[in-house]
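**Q** Model the following, please.
(2 chains)
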Amino acid sequence: MRTVGTLKGVTNIKVDMLARVEGEGGLHIKIKGGRVADVKLKIFEPPRMFEAFLRGRHYTEVPDITARICGICPIAYQMSAVHAIERALGITVDPQARLLRRLFYCGEWIESHALHVYMLHAPDFLGYQDVIEMARDHKPAVEQALRLKKIGNHLVSAMGGREIHPVSAAVGGFHRAPARRELKALVEDLKWARDASIATARLVAGFEFPDFEQDYEFVSLSHPDEYPLNEGRLISSKGLDIDVADYEDHFVEQHVKHSNSLHSVLRARGSYLVGPLARFNLNYDKLPDVARQAASDCRLSVPCRNQFKSIVARAVELVFACDEALHLIEIYEPPEAPKVEVEPQAATGQAATEAPRGTLYHRYSLDDHGTVTAAKIVPPTSQNQKRIEEDLWRFVPQVLDLPEEELTWKCEQAVRNYDPCISCATHFLRVKLERD
Amino acid sequence: MSSNGKRRPKIAVFKFASCDGCQLSLLDAEDELLSVAGAVDIVYFPEATRTMLKGPYDIGLVEGSITTHHDAERIQQVRRQCHTLATIGACATAGGIQALRNWRDVNEFVRYVYASPDYISTLKMSTPIAEHVPVEFELRGCPINKRQLLELLSAALAGRKPAIPTYSVCLECKRKANVCVAVAGGTPCLGPVTQAGCGALCPAFGRGCYGCFGPMESPNTASLSEQFRLLGQSDQQIERAYRGFNAWAWQFRQASERREQP
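**A** Model (predicted):
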């Protein structure tokens, strides 16, 4: 599955099947005369074409359908969908339903970040093939990871019935709002999870990071009062500041031959980066004290331009998500009705929310009956894909002298920095190294 | 995820067109993961490990549907390598939501989503694994229930048939003492024709079942469609109800096509 071969002076690193990423892709790196000649992040996850079959469906069905784009972050797909449709129909949800949506998202962040930090990414830093192998030497850490992940999953299933493809999200609010006591029952676990997240941040901050500072353009949502989850303007570290409705004026998707995923780029400046490191750099001042303290204990400060340290940013976001969940549960009062009445009309709406791995954009057009006539979905991994390739162009020369097996592993790690979700982006990974 | 010691059954997890949710269910079994990993050798599971050992494997778990020529060939190789093959989830057992293309023009779909349709290679149909190779067991659900997955693994290790109910969601609703959303609330609900397994989640959330676990054994879809009509559902709405995550399961397919007739 991983082959490194040198023929007539060209070294090819091929990783046919990238491991510890969600979905199927590979990497092909060609090195000629001691220089990188080509980098291709290959996405061979088969296309499922959600945007095409969403046409003709009723708007009420959309959040359940888009959830199926990704089993790791179904809530992100439900949230971007309901917000986009609500913007089209001019709906404002009950303030308590708004609060519940943030809480729901916190559950997904905890579950997904715990999965990535410990099960998909930490083994790279510690030199294990996987978390099970890692558990032999680091059992308490892995047990901590599993409990943390389970608490995120519990929060999601308490609100949505199950962890994967929960059933409560609806245009206009929720199908059912939880009782206070159902959420209060999670408080002790969440307090433990907040402490465990602080311990996680300390643990991962102790890993060895390659010296790899890049001039990234960080992009994320930004909200005047909150660390971004569901709402905000879209801003960047290079001056972008737009309403999400104008997204397509500034970003364009390009189709490249080696990928079943589309590369999204900024029309003005090309590649950019979404995800935990971007959010941390752009929204540090909105983090609660406990998360800022965790960052400072880890010596993670703004701006951090080393994407290998995204694992620390992800851990700081774990602290945030647990703390925010506790705060939201504390102030929650069940809404009078879980969802507001919706009157369909012909309209188009756009929304972006912050999926665990980055900004997720949706646009829908509806007819008078509320039937979808057009749909567009830009997942975080499509947005990061060009940037991942650019990282490898610059990173490979830095590690060229490593033995080939180690070099291949480092390249895989550089890809996993992005927590790529290929199932999402196919609409979106194999590693192949060629050396000359 | 291999380990030393005496020979333990080798498990492999394969993915075809899908969302990764069903294989994630294995990692979501947080309380059991380490003991499962102690009882078996997970030797091929790209989502979780860099270790990728070649077959043969004792048990192969397959997620996803067949939508490309390459995958149609790959599933044949996978079948040859696995002593026992179990498919997990609605994509693998019924073609998944991506089977909605089966009633439409796939080339138009490709042109709608991709700027350069020539780069995309895809089949006209999304089909379940059992349409391509013999399968020993099918685990339903979108997503599967992780308890049922653990039962499937325990049964396969013990060499017995897994105890998976094939009755309808209605029985789960009664057991949970849910108020019937169809009878009491007039809400269209696929529960009467859908296999149990989710724990009657949607009715517990005050909404109708949308059929994630696919058709139950001998579902009376004709009668349910009639009920839907009495509840004021249009033919188009009834067709859409069956055309969800298990649209290509033959009983749902037939029920939706019956509504298509003028």
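**Q** of all the residues in the stretch 101-250 of chain A, which ones are close to chain B?
**A** Proximity of the stretch 101-250 of chain A to chain B, by CB under 8 Å from any CB of the partner chain, involves residues A:115, A:119-120, A:123, A:129-133, A:135, A:142-143, A:146-147, A:149-150, A:153, A:161-165, A:167-168, A:175-176. Just so you know, the C-beta spots here come from the backbone N, C-alpha and C atoms, and that holds for glycine as well.
**Q** change it to 6 Å
**A** Remark: the part of the stretch 101-250 of chain A in contact with chain B comprises A:129-130, A:132, A:146, A:149-150, A:161, A:163-165, A:167-168, A:175-176, using CB under 6 Å from any CB of the partner chain.
**Q** Check the gap between residue A:209 and chain B for me.
**A** The span separating residue A:209 from chain B equals 20 Å under the rule CB to the nearest CB, to the nearest Å.
**Q** cool, and residue A:21?
**A** 7 Å.
**Q** Whichever of the residues of the stretch 101-250 of chain A next to chain B end up buried, select them in PyMOL.
**A** A single PyMOL command selects the buried members of those (16 or more other CB atoms under 10 Å in any protein chain shown):
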select buried, chain A and resi 129+130+132+146+149+150+161+163+164+165+167+168+175+176
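**Q** possible to save the residues of the stretch 101-250 of chain A next to chain B as TSV with pLDDT and secondary structure?
**A** Listed next are those as TSV, based on pLDDT from 0 to 100; DSSP: H, G, I helix; E, B strand; the rest coil:
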residue	pLDDT	secondary structure
A:129	92	coil
A:130	92	strand
A:132	91	helix
A:146	96	helix
A:149	97	helix
A:150	97	helix
A:161	97	coil
A:163	96	coil
A:164	97	coil
A:165	98	coil
A:167	98	coil
A:168	98	coil
A:175	97	coil
A:176	97	coil
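**Q** and the gap between the residue nearest the centre of chain B and residue B:244?
**A** With the centre of chain B defined as its mean C-alpha position, the nearest residue by CA atoms, centre = their mean is residue B:90, 1.7 Å away. When CB to CB, to the nearest Å is the yardstick, residue B:90 and residue B:244 sit 9 Å from each other.
**Q** Likewise for residue A:226?
**A** The spacing between residue A:226 and residue B:244, counted by CB to CB, is 35 Å.
**Q** Between the two, which has more neighbouring residues?
**A** The neighbour comparison of residue A:226 against residue B:244 (other CB atoms under 10 Å in any protein chain shown) goes to residue B:244, with 25 against 15.
**Q** Do I have it right that that one meets residue B:209?
**A** No: taking CB atoms under 6 Å as the definition, residue B:244 is not a contact partner of residue B:209, at 10.2 Å.
**Q** Show me the shaky parts of the chain.
**A** Just going to use chain A. Using pLDDT under 70 as the threshold, the predicted model of chain A has low-confidence ranges A:1, A:259-261, A:422-436.
**Q** Actually, chain B is the one I wanted.
**A** B:1-6, B:259-262.
**Q** Just give the number of residues close to the closest residue to chain A within it.
**A** Shortest chain B-to-chain A distance, computed as CB to the nearest CB: residue-wise this is residue B:21, at 2.1 Å. Here the number of neighbours of residue B:21 (other CB under 10 Å) works out to 28.
**Q** looking at it, it is touching residue A:164, isn't it?
**A** Yes: at 4.3 Å, residue B:21 and residue A:164 qualify as touching, with contact defined as CB under 6 Å.
**Q** Skip the chain neighbours and tell me the closest residue to residue A:5.
**A** Leaving aside its chain neighbours, residue A:5 sits nearest to residue A:12 (5.6 Å; criterion: CB to CB, 6 or more residues apart in numbering or on different chains).
**Q** So the one you found belongs to a helix, correct?
**A** No: assignment of residue A:12 by DSSP: H, G, I helix; E, B strand; the rest coil gives strand, placing it outside any helix.
**Q** who does it bridge with?
**A** When bridges are called by DSSP bridges, residue A:12 pairs up with residue A:5, residue A:434.
**Q** Against chain B, how distant is it?
**A** Using CB to the nearest CB, one gets 19 Å for the distance from residue A:12 to chain B.
**Q** What's the local residue count around that residue?
**A** A total of 21 residues lie near residue A:12 under the criterion other CB under 10 Å.
**Q** likewise residue B:185?
**A** Counted by other CB under 10 Å, the residues lying close to residue B:185 total 15.
**Q** so what's it up against?
**A** The neighbourhood of residue B:185, defined by CB atoms under 6 Å, 6 or more residues apart in numbering or on different chains, contains no residues.
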